[in-house]
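K.L.:
Provide a 3D model corresponding to the input given below.
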Amino acid sequence: MSLSTLKNRRERGFLDGQFLIAMPGMEDRNFARTVIYICAHSDAGAMGFVINRPQALTFTDVLMHLDMIQDDDAIVLPRVAREFPIQTGGPVESGRGFVLHSDDYTSDSSIPVSDEISLTATLDIVRAISKGGGPRRATMLLGYAGWGAGQLETEIGNNGWLNCPANDELIFDRSLDDKYDRVLALMGVTPAMLSMEAGHA
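P.N.:
Numbering: from 1, shown residues only. Below is the predicted model of the structure:
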């Protein structure tokens, strides 16, 4: 599923607003020990973002890459901009930035993904954040995870993923190292139990 499909979707799938948690046997290294927030799921496929993978780039790096600031400007950026989190969202379009955020910010290009969370992938939100504005809670993700029609359902059926309802606090939580274990704990599951588990919680 692509971003354009997300914009034009007319239905919500059963995995919308769910966390996917990679099982220990996950063969794709892009997704080992990942937690993914599913933004859209339908008969056409699924799209989501890895929410526990760090990114070496900083928000300042992104602003400089976009020619929105120069070297000397970095020191005068508002603190919220200097500390704004950047994560690796997935292997698809990994050079493109997406901002997942609370719904207190909206623009013509913002796409609601739940009652409380929206997705914006245009420069207006980057400018707002660089000036100390923008949404109350947000994170930038470089790239996303996408699946074709039926692909994700097959992977879940083959014991590749667990799924459970998403928790907004964990989506925006900046402590990434232990997020995988904390999402499992939310489900009442420990890593030692995972080889015994299949399907959804």
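
K.L.:
hey, let's count contacts and neighbours off CA atoms from now on
P.N.:
Fine.

K.L.:
how close does the residue nearest the centre of the chain get to residue 128?
P.N.:
Among the residues of the chain, the one closest to the centroid is residue 49, at 2.9 Å (Cα atoms, centre = their mean). Relative to residue 128, residue 49 is positioned 22 Å away (Cα to Cα, to the nearest Å).

K.L.:
okay, helices next: where are they in the protein?
P.N.:
Assigned by DSSP state H, the chain shows helices spanning 3-8, 59-65, 79-82, 123-130, 151-157, 168-172, 179-186.

K.L.:
tell me the most buried of these?
P.N.:
Most buried of the helices of the chain by mean neighbour count (mean count of other Cα atoms under 10 Å) is helix 123-130; its value is a mean of 18.

K.L.:
what's around residue 31, how many residues?
P.N.:
The tally of other residues near residue 31 (other Cα atoms under 10 Å) stands at 18.

K.L.:
pull out the buried residues from stretch 20-32.
P.N.:
Buried residues in stretch 20-32, counted by 16 or more other Cα atoms under 10 Å: 20, 21, 22, 23, 26, 31.

K.L.:
relative to residue 156, how far out is the third one?
P.N.:
Applying Cα to Cα, the value for residue 22 to residue 156 is 10 Å.

K.L.:
check residue 25 too.
P.N.:
Look at residue 25 and residue 156: by Cα to Cα, they are 12 Å apart.

K.L.:
coming back round to it: nearest to residue 86, of the buried residues of stretch 20-32?
P.N.:
The shortest approach to residue 86 among the buried residues of stretch 20-32 belongs to residue 31, at 17.6 Å (Cα to Cα).

K.L.:
list the contacts for that closest one?
P.N.:
residue 22 (Cα atoms under 8 Å, 6 or more residues apart in numbering).

K.L.:
that's all I had, so thanks and see you.
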